[in-house]
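Trainee: with the input below, show me the fold.
(chains A and B)
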Amino acid sequence: MGNNLKIKISVKNLSIYYGSFLALKDITLDIPEKSITAVIGPSGCGKSTFLRALNRMNELLPDVKTVGEVLLDGQNIYSPDVDLVALRRKVGMVFQKPNPFPKSIFENVAFGLRIQGIKDREKIEEIVELSLRRAALWDEVKNKLNRSALELSGGQQQRLCIARVLAVQPEVILMDEPASALDPIATLRIEDLMRELREEFTIVIVTHNMQQAARVSDFTAFFLTDENRTGMLIEYGNTSEIFTMPKDPRTEGYITGRYG
Amino acid sequence: MVNPRHIFDDELKNLRADLLRMGTLAREAVDKSIKALINRDMNLADEVIIGDDVIDKMDLDIEMKCMELIARQQPMARDLRTIGTILKTITDLERIADHAVDIAKIAKILADQPPLKPYIDIPRMCELSLSMLDDALKSFVNEDVDLAKKMCERDDLVDALYNQVFRELLTYMMEDPKAVVRALYLIFVARFLERVADHATNVGERVVYMVTGVLKELNV
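Mentor: Numbering: from 1, shown residues only, chains lettered A, B, ... in the order given. This next block holds a predicted model:
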């Protein structure tokens, strides 16, 4: 797969433990840059755990142990000298439920910039506008930037959260079920936005919605649990191949709706 | 545990049965059209011509059912390939039935004309083409890739027979201008039978795709 693509993230023998429970076992896969990689699988297969491992978000949970390497542009993000703030700026995340801050639309997008210590008002305004434009939200909010973000619809709030990630100029965007709380039209707008963002960013999306993975992604990874409820990578490849001729019968069973 | 896709599975099973019924009707139509030709049986020829409406209707019905399943059930992987195979195969079966009608019409024209020669190679071609169609349908039902591949190899035999019939009838035409019209019609008949074998080959290719996911021509 993707022979000519540059690899953005290289996951090598990644295993993750919650206490003594092995949640994810020996995952090895390469994520090409400027593409959308979807991670699919049944509930509890470790796909969100995998996603959170890509910017060390699992460490926010107690008693998590990570083994193996995640190379971002060839650098292991788990080496001790990695600056976690810089890492999470480079590898941004969008969550299942839109989680805007109870602040104005403008301040939501400016938040990361202010934390970075940027004071130049003009520069902040410029980046906020650019980020909102890239998130396909600008036209809807340009006349009410000082209104509370909580007044926006769910779909708008999710695009605002994407704009908030974009403002700090990430390279990778992780999305954990970004459309599962949205109606079908808002879902399609998010998917449309993802296709645009893919020109500049590397996107990894976890989704329950197989049709969404089929519609939006370039590559698909299928995760499944074994008898000990440990998540494993079963198959990884071009999305078009995974959904028309999967190699592993377990992938076939899952995507045709017959697994379990 | 109940198969979570049992509704879809039932519908797909019905669709496969429909396809098989359509294939059987197309096969019978070709068989009858050649019998009508050989036995100068106008009634049988008419039966084939009228019966084509049923096959045309099945073609449309099955296509609509496939589209509905795609829209409502979002089939993936082998399910998707099966529906794709059915969609393509009904076109081949519909064409086969059309060729039966073409042959039946010629049978009616030739019924009141003196025989040019005894029918030998045309019944053999018919038998061979229909045996290919039988195996194509059987390979679909049993998802039998080997049978489909072996069946496609026989297309060469049909082609060889067609060339032989063509050359022979050409000599009749050269010898006697009064034989030209009848010989031409028989060349058409041979050509239609050769096309039946080509369509059977197409079905075999789809069966291989349905089962393996590999789409390629099996007899070029």
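Trainee: quick one, helices of chain A?
Mentor: A:47-53, A:84-90, A:105-115, A:121-134, A:138-141, A:154-167, A:184-197, A:210-216, A:239-244, A:249-255 (DSSP state H).
Trainee: between the ones you listed, which gets nearest to residue A:75?
Mentor: helix A:84-90 (9.5 Å; C-beta to C-beta). Any C-beta I mention is one placed from the backbone N, CA and C, and that applies to glycine too.
Trainee: so who does the residue of the stretch 101-250 of chain A found nearest chain B touch?
Mentor: Nearest residue of the stretch 101-250 of chain A to chain B (C-beta to the nearest C-beta) works out as residue A:245 at 3.0 Å. Listed by C-beta atoms under 8 Å, 6 or more residues apart in numbering or on different chains, the contact partners of residue A:245 are B:77, B:81, B:212-213.
Trainee: quick one: pLDDT of it?
Mentor: pLDDT recorded at residue A:245 is 92.
Trainee: swap in the one 5 residues further on?
Mentor: In this model, residue A:250 is scored at 95, pLDDT.
Trainee: okay, now it: neighbour count?
Mentor: Using other C-beta atoms under 10 Å in any protein chain shown, residue A:250 has 15 neighbouring residues.
Trainee: how far away is it from residue A:259?
Mentor: Residue A:250 is 7 Å from residue A:259, where distance means C-beta to C-beta, to the nearest Å.
Trainee: any common contacting residues for those two?
Mentor: Common neighbours of residue A:250 and residue A:259 (C-beta under 8 Å, 6+ apart) are residue A:224.
Trainee: out of the contacts of residue A:245, which are close to chain A?
Mentor: B:77, B:81, B:212-213 (C-beta under 8 Å from any C-beta of the partner chain).
Trainee: restricted to strands, list the residues you listed.
Mentor: Among the ones next to chain A among the contacts of residue A:245, no residue falls in strands (DSSP state E).
Trainee: which one of those residues sits closest to chain A?
Mentor: residue B:213 (3.0 Å).
Trainee: phi first, then psi, for the closest residue to that closest one other than its chain neighbours.
Mentor: Excluding the flanking residues, the one nearest residue B:213 by C-beta to C-beta, 6 or more residues apart in numbering or on different chains is residue A:245, at 3.0 Å. Dihedral pair for residue A:245: phi -140, psi 70, per degrees, to the nearest 10.
Trainee: quick one: the residue in the stretch 1-150 of chain A that chain B sits nearest to from residue A:209, how far?
Mentor: The stretch 1-150 of chain A approaches chain B most closely through residue A:40 (11.1 Å), counting by C-beta to the nearest C-beta. The spacing between residue A:40 and residue A:209, counted by C-beta to C-beta, is 9 Å.
Trainee: so those two - more neighbours on which side?
Mentor: Each of residue A:40 and residue A:209 has its neighbours counted (other C-beta under 10 Å); residue A:40 has more, 27 against 17.
Trainee: tell me, how many residues neighbour the residue nearest to residue B:121 when sequence neighbours are not counted?
Mentor: Once flanking residues are discounted, residue B:121 sits nearest to residue B:165: 4.8 Å by C-beta to C-beta, 6+ apart. The number of residues packed near residue B:165 is 23, by other C-beta under 10 Å.
Trainee: same question, residue B:94
Mentor: 20.
Trainee: residues touching it, list them.
Mentor: B:26, B:55-56, B:59.
Trainee: how does it look with 7 Å?
Mentor: B:55-56, B:59 (C-beta atoms under 7 Å, 6 or more residues apart in numbering or on different chains).
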